[in-house]
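Novice: Sharing a model prediction with you, sequence too.
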Amino acid sequence: MPSEVVRGKRAALFFAAVAIVLGLPLWWKTTETYRASLPYSQISGLNALQLRLMVPVTVVFARESVPLDDQEKLPFTVVHEREIPLKYKMKIKCRFQKAYRRALDHEEEALSSGSVQEAEAMLDEPQEQAEGSLTVYVISEHSSLLPQDMMSYIGPKRTAVVRGIMHREAFNIIGRRIVQVAQAMSLTEDVLAAALADHLPEDKWSAEKRRPLKSSLGYEITFSLLNPDPKSHDVHWDIEGAVRRYVQPFLNALSAAGNFSVDSQILYYAMLGVNPRFDSASSSYYLDMHNLPHVINPVESRLGSSAASLYPVLNFLLYVPELAHSPLYIQDKDGAPVATNAFHSPRWGGIMVYNVDSKTYNASVLPVRVKVDMVRVMEVFLAQLRLLFGIAQPQVPPKCLLSGPKSEGLMTWELDRLLWARSVENLATATTTLTSLAQLLGKISNIVIKDDVASEVYRAVAAVQKSAEELASGHLASAFVASQEAVTSSERAFFDPSLLHLLYFPDDQKFAIYIPLFLPMAVPILLSLVKIFLETHKSWKKPEKTD
Amino acid sequence: MAAAMPLALLVLLLLGRKGWCLAEPPRDSLREELVITPLPSGDVAATFQFRTRWDSELQREGDTDHYFLRYAVLPREVVCTENLTPWKKLLPCSSKAGLSVLLKADRLFHTSYHSQAVHIRPVCRNARCTSISWELRQTLSVVFDAFITGQGKKDWSLFRMFSRTLTEPCPLASESRVYVDITNYNQDNETLEVNPPPTTTYQDVILGTRKIYAIYDLFDTAMINNSRNLNIQLKWKRPPENEAPPVPFLHAQRYVSGYGLQKGELSTLLYNTHPYRAFPVLLLDTVPWYLRLYVHTLTITSKGKENKPSYIHYQPAQDRLQPHLLEMLIQLPANSVTKVSIQFERALLKWTEYTPDPNHGFYVSPSVLSALVPSVVAAKPVDWEESPLFNSLFPVSDGSNYFVRLYTEPLLVNLPTPDFSMPYNVICLTCTVVAVCYGSFYNLLTRTFHIEEPRTGGLAKRLANLIRRARGVPPL
């Protein structure tokens, strides 16, 4: 073969080699979207996370509560663990770690006082217990601290009293009773099902479970007075005093669950969207239960709730019906007027109808001055607030005496239950967000991950792991804080606008840029390679033939 | 979703103080008024004012620190119903009673001039200013055109203007009034007739001239009871005289001059038409950063002579951060025109900073003139509580002059725009050049030349032979 041809072939091959070996990787490297490294393996590990919720219980035995030889075995620790059956990808196990010990002298003294309230007052002196932990006192079978037929008592702060038994299997029987009481005060299946209501598949219980608000860093509570008829009613309400007296102590007790801010307004000429019907039997107007969902929408536009703050808003409305529709009652499904004349809407707030006393119209000079009885109104609003936060009635074991509520309206272990539920909900939300982000990145190649987004993801993963550890070791307060941090970081990473910088880059623009450059370059190389290959193939065949 | 549930009530314990020892919190006070001014051209101007005042327990911490003052303006924004609706929501009796019944969007935006404002400010309640109230003042001004809205007829009524009439006052208002300007037409009652005839009139000096207003008070039961609704009518008995309206003592104009897309000159003309009094004017200019002002070319001339301002404050612009701020105190001689001009250069913006229609131009915000204009007629100082709201809009401190704030027109300036198809052109060009050069180089290196025997055949020759055979001519 003439040397020219050989030289030409070598040049073509060299061009091809340079283009493929040097050019292709260089082009690939310089045109890929920037993605900082993310802990994909850890994120997929989060899905299979095993949540272990530990409740540390201290059990204190008084002198006559259990047989003597059993008392010799004290102090020791018993663990009771069971799995919560939920159809959720994360397995949740509930663990009650009971530390048994003998009672100290001052505790013996307190437990032998006359009534439970005195005993509690005396036992209250040492420092406040950590969140999530409980103390159960076991008293003798015939003690007069509790009424005769009651086997246990649940106090307003994190204490409970259980009757002991003189029996061979004393520890087992008492252990079961203690677990029942402890479950009522901390974690039961329905609490966790309510917390994970948005993540579980729908079933017949979900309507009840969707009532409480979703977990958030803070909440805004708005009290509004609606006066549709200012010509007839001149309504005054001392909302500042009422908030200071009733709502603020309740919110202070709840302050571990988030930041709260309260404001109030008065709206005039705000009508309900529904015309009430007249009931001639009682000569009053009524609103049927079926009409209630239509009441909220026309009022909602005037409330200004979206302008208030970034946090979710709870609206509490007090409606003073107009003179033409007074008095106005709300009827439940049986046709009987509701006692409190109020109703609430899940995740939104509550409405109460305040009827003006007909005696005030006697003077017959309009407008009539109406002074709102704030005690009646705040009772209803606080009860609705409890329901909207998901502080439901506990499942009390049989023959158990539940103490009366504290003056703030919230028992300390109810707050603990809320924190447990919120922690689990936060962890579920954070895990879902991180998993969705990882899946999206796998599917769409155009998403940019900058360094600060990556650091948020790392922080979120670390916070989820820390929160799970703290839950397993029983530190509820730090676990809740870590879970909130996990949710905030994961949401910040997921909704960062820098992810979308190249998302909608049209494909045809890419082709328009590359084709004029690469096509003239690649076509001669490819044609030469094809020619070289064909000739080599022919020359291989020829020696075969001649041979 | 909603369920009326029997709620388990909590028993609340009253903590702490018992009883209601707090004094009754003071009520907000609302005043509303409407001023109707018939203009000599046959148009009519209507101005609504709503003032809400409420007390607060905040203490005033001394004077406002001027480092916290901000001035922001969007030069070209069209006002529409979306701006009116939240403005109306701030009124207590919105659209249901009182003067706000007249605020219907389809009539209010069918006008040749529309202006809305919200002012919030603290007001001292006592002399030492230890307790303050907050005042929210909302104003809305419209001018109804005789030809567009009125269809050529110059008679006006509330129903014609707003398609509504007034029925009842707002129960929450302490004052609800309509004022009609009958200054030039009071004496003879032959030019303009106002129906129903007013029972009271109000006289005062507004903006330096004496004016008389007819008052219709909605709280006056006699007025409403007669006809159940109030529809004020203005009838021109005789066509209004075509005299030019009096020129205000201070007015201004602004324009851009120059040619080309590199340089220009920004000029403001300030007119002082007072026959013998000179007064100072504070001129505030915010010019966007992409018009690079040259402050050494700032010239102020009045009556042909140079006029040196007594105070200049200039804050240069920073690219893409803040605009130019120029503030000057200029003394305007009597009966003169003052020209303030400054030269500028137009900047070239980055490719992504242009608006979707860059050849429309870029807006320059209006300049603000503030002045204490001397009045011809002495006026008594305003009593904030007694006098109507429109009187306190232009406050008078000592009776011999009144405060006025004027805005000039916004300007439209063209910036040099690049050719937006250039990136595509560049790509195409470079790709073509690269392909051509590379192709030649490649061919040079890899192509080999060898001599080839001429082939008998070829498509052209065969086609030619076919035609020859058809013609009967011997083949090639």
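Specialist: Ah, there it is.

Novice: Please name the spatially closest residue to residue B:136 (chain neighbours excluded).
Specialist: residue B:52 (4.6 Å; C-beta to C-beta, 6 or more residues apart in numbering or on different chains). In short, each C-beta sits where N, CA and C put it, glycine included.

Novice: and the one you found, what helix or strand is that in?
Specialist: strand B:44-56 (DSSP states H and E).

Novice: Show me what counts as buried in the following helix or strand past that strand.
Specialist: Following strand B:44-56 in sequence order, the next helix or strand is helix B:81-89 (DSSP H and E). Going by neighbour count (16 or more other C-beta atoms under 10 Å in any protein chain shown), the buried part of helix B:81-89 is B:84, B:87-88.

Novice: out of the residues you listed, who's nearest residue A:237?
Specialist: residue B:88 (25.0 Å; C-beta to C-beta).

Novice: Pull the contacting residues for the nearest residue to the closest one once chain neighbours are set aside.
Specialist: Distances taken as C-beta to C-beta, 6+ apart place residue B:94 nearest to residue B:88, at 4.9 Å, with adjacent residues excluded. When contacts are counted by C-beta atoms under 8 Å, 6 or more residues apart in numbering or on different chains, residue B:94 touches A:269, B:88, B:100.

Novice: again with residue A:500
Specialist: Per C-beta under 8 Å, 6+ apart, neighbours of residue A:500: residue A:447.

Novice: Now the single nearest residue of the stretch 151-300 of chain B relative to chain A: which helix or strand?
Specialist: For the stretch 151-300 of chain B, the residue closest to chain A is residue B:171, as judged by C-beta to the nearest C-beta, at 4.4 Å. Assessed by DSSP H and E, residue B:171 sits outside every helix and strand.

Novice: Next up, the contacts around it.
Specialist: Contacts of residue B:171 (C-beta under 8 Å, 6+ apart): A:230-231, A:367, B:93, B:97.

Novice: give me that answer again for 10 Å
Specialist: A:227, A:229-234, A:268-269, A:366-367, B:92-93, B:97-98 (C-beta atoms under 10 Å, 6 or more residues apart in numbering or on different chains).

Novice: Pretty sure residue A:422 sits in a helix.
Specialist: Yes: judged by DSSP: H, G, I helix; E, B strand; the rest coil, residue A:422 forms part of a helix.

Novice: what about it, how many residues close to it?
Specialist: For residue A:422, the count of nearby residues is 24 (other C-beta atoms under 10 Å in any protein chain shown).

Novice: Check whether residue A:225 really touches residue A:318, as I assumed.
Specialist: Yes: between residue A:225 and residue A:318 there is a contact under C-beta atoms under 10 Å: 5.1 Å.

Novice: Return the list of helices and strands in contact with the strand holding residue B:52.
Specialist: If you count contacts as 3 or more C-beta pairs under 10 Å, 6 or more residues apart in numbering or on different chains; DSSP states H and E, strand B:44-56 packs onto strand B:29-38, strand B:113-124, strand B:132-144, strand B:156-157, helix B:158-162, strand B:173-181.

Novice: one step back: and the residue of the stretch 151-300 of chain B closest to chain A, what are its phi and psi?
Specialist: With angles defined as degrees, to the nearest 10, residue B:171 sits at phi -60, psi -20.

Novice: Check the offset of stretch A:519-535 from the chain's centre.
Specialist: 64 Å (C-alpha atoms, centre = their mean, to the nearest Å).

Novice: Can I get that stretch in CSV, CA atoms only?
Specialist: Extracted C-alpha coordinates of stretch A:519-535, given in CSV (Å, rounded to 0.1, in the frame of the first residue of the first chain):
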residue,chain,number,x,y,z
LEU,A,519,-22.1,17.3,13.1
PRO,A,520,-19.5,18.7,10.6
MET,A,521,-16.8,17.4,12.9
ALA,A,522,-18.2,13.9,13.4
VAL,A,523,-19.4,13.1,9.9
PRO,A,524,-16.0,13.0,8.2
ILE,A,525,-14.5,11.0,11.0
LEU,A,526,-17.3,8.5,10.9
LEU,A,527,-17.2,8.2,7.1
SER,A,528,-13.4,7.6,7.3
LEU,A,529,-13.8,5.0,10.0
VAL,A,530,-16.4,3.2,7.9
LYS,A,531,-14.2,3.2,4.9
ILE,A,532,-11.2,1.9,6.9
PHE,A,533,-13.3,-0.8,8.4
LEU,A,534,-14.6,-1.9,5.0
GLU,A,535,-11.2,-2.0,3.4
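
Novice: quick one: buried residues of that stretch?
Specialist: Applying 16+ other C-beta under 10 Å to stretch A:519-535 flags A:520-521, A:524-525, A:528, A:532 as buried.

Novice: Quickly name whichever of these is closest to chain B.
Specialist: residue A:520 (3.1 Å).

Novice: Go ahead and list the helix or strand containing the closest one.
Specialist: Counting by DSSP H and E, residue A:520 is part of helix A:507-546.

Novice: packing partners for that helix?
Specialist: helix A:3-18, helix A:24-30, helix B:422-446.

Novice: possible to save those as CSV with mean pLDDT, mean neighbour count and distance to residue B:476?
Specialist: CSV is the format used below for the helices and strands packed on helix A:507-546 (pLDDT from 0 to 100; neighbours: other C-beta atoms under 10 Å in any protein chain shown; distance: least, C-beta to C-beta, whole Å):
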stretch, mean pLDDT, mean neighbour count, distance to residue B:476
helix A:3-18, 86, 14, 34
helix A:24-30, 88, 10, 52
helix B:422-446, 84, 13, 34
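
Novice: Please produce a markdown table containing those helices, extended by distance to residue A:457.
Specialist: Formatted as a markdown table, these follow (distance: least, C-beta to C-beta, whole Å):
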| stretch | distance to residue A:457 |
| --- | --- |
| helix A:3-18 | 40 |
| helix A:24-30 | 24 |
| helix B:422-446 | 35 |
